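Visitor: model this:
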Amino acid sequence: MSDRVVVVGAGVLGLSCALRLLEAGHRVDVLARDLPLETTSSVAAAVWYPYLALPQDKVTSWGRTTYDKLTRLAADETTGVVMRRGTELLHEPTPDPWWVEAVPAHDRVPPRPPYDDGWSFVAPVVEMPLYLGWLRARVEEAGGTVTRLAMAHLPEGPLVVNCSGLGSRALAGDLSVTPVRGQVVVVEQVGLEEWWLVEGGPTYVIPRSDDIVLGGTEEPGEWDRHPDPDLAGDILRRATALVPALAGARVLRHRVGLRPARPAIRLERIGDVIHCYGHGGAGVTLSWGCADEVAALASRG
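Guide: Alright, predicted model coming up:
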């Protein structure tokens, strides 16, 4: 197979789809207004967790595939993927999460006031600047290209894969995909190994090798990419209440990303266009499962 495919978007979904398509024998060119380290993906705390993404059945399936792939990638330290145990705390007793079948195991934890329930599991934590660089390098080593190009509409085929996220409002004429603003504070690493999350977010503490990402916010319909100092102060207070060891940690930087939310993820083929967008806060979590499906749709001709 040597059909040319143009992938629009160079975030984690665009690059993952590009690599899967290259592995399937396609010639692939990635075109994007924002290069990988400029995308929303680069801002993500990127712990594996289905967040702001539906429908549940497909998200569970795509998430399981991605969990397994990221687990394998964690064996290679150059990928930036690290398996870390963490805990999600809940305000009241809660049934198992709907996505529980996507993870190999999860354990209940005893109440920790003011939280009455919680569970713990091992999840991939993806250090996005390193991982996006690794993905781009794999795409280019496989013969693909990554080019900056601002577009007013989707390019002509023969086959186009639309992974443009919020850009799909214009490129696909889909106003149902909307931003959910997320602000984070990155602080120095103070010796944390485990991640913490409060009831699906947006409060979380995600340790990485050299720093810790503290979150966050969940602001539907908000387009402002400038960090808000008041929100930053609130994030620091919430994170320190959750993990007291963060008290006094030096702030390294502030980041803002706009999650591409949609009532349901759009992953379908319409003629010579495959749409793959609307992943909310779960782009990394679902990336390889969705890339597999995109590659399967591309092979159907």
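Visitor: Contacts for the helix or strand hosting Arg85, please.
Guide: Following DSSP states H and E, one finds Arg85 within strand 81-90. The contact list for strand 81-90 (C-beta atoms under 8 Å, 6 or more residues apart in numbering) reads 47, 70-71, 73-74, 109, 112, 115-127, 131, 193-200, 207-209, 242. In this view, the C-beta of every residue, glycine as well, is placed from N, C-alpha and C.
Visitor: So which of those residues sit within strands?
Guide: 117-126, 195-198, 207 (DSSP state E).
Visitor: before we move on, the earlier item: just the buried ones out of the contacts of strand 81-90, please.
Guide: For the contacts of strand 81-90, a burial check counting by 16 or more other C-beta atoms under 10 Å picks out 47, 70-71, 73-74, 115, 117-127, 131, 195-198, 200, 207-208, 242.
Visitor: Thr40: what's it in contact with?
Guide: By C-beta under 8 Å, 6+ apart, the contact set of Thr40 is 11, 165-166, 257-260, 283.
Visitor: Return the subset of the residues you listed lying in helices.
Guide: Gly283 (DSSP state H).
Visitor: any chance of the contacts of Thr40 in JSON lines, plus neighbour count?
Guide: Listed next are the contacts of Thr40 as JSON lines, based on neighbours: other C-beta atoms under 10 Å:
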{"residue": "Gly11", "neighbour count": "29"}
{"residue": "Gly165", "neighbour count": "29"}
{"residue": "Leu166", "neighbour count": "22"}
{"residue": "Gly257", "neighbour count": "21"}
{"residue": "Leu258", "neighbour count": "19"}
{"residue": "Arg259", "neighbour count": "26"}
{"residue": "Pro260", "neighbour count": "28"}
{"residue": "Gly283", "neighbour count": "29"}
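Visitor: mind putting the contacts of Thr40 in CSV, distance to Pro104 included?
Guide: As requested, those are arranged in CSV below (distance: C-beta to C-beta, whole Å):
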residue, distance to Pro104
Gly11, 27
Gly165, 30
Leu166, 33
Gly257, 29
Leu258, 32
Arg259, 27
Pro260, 29
Gly283, 22
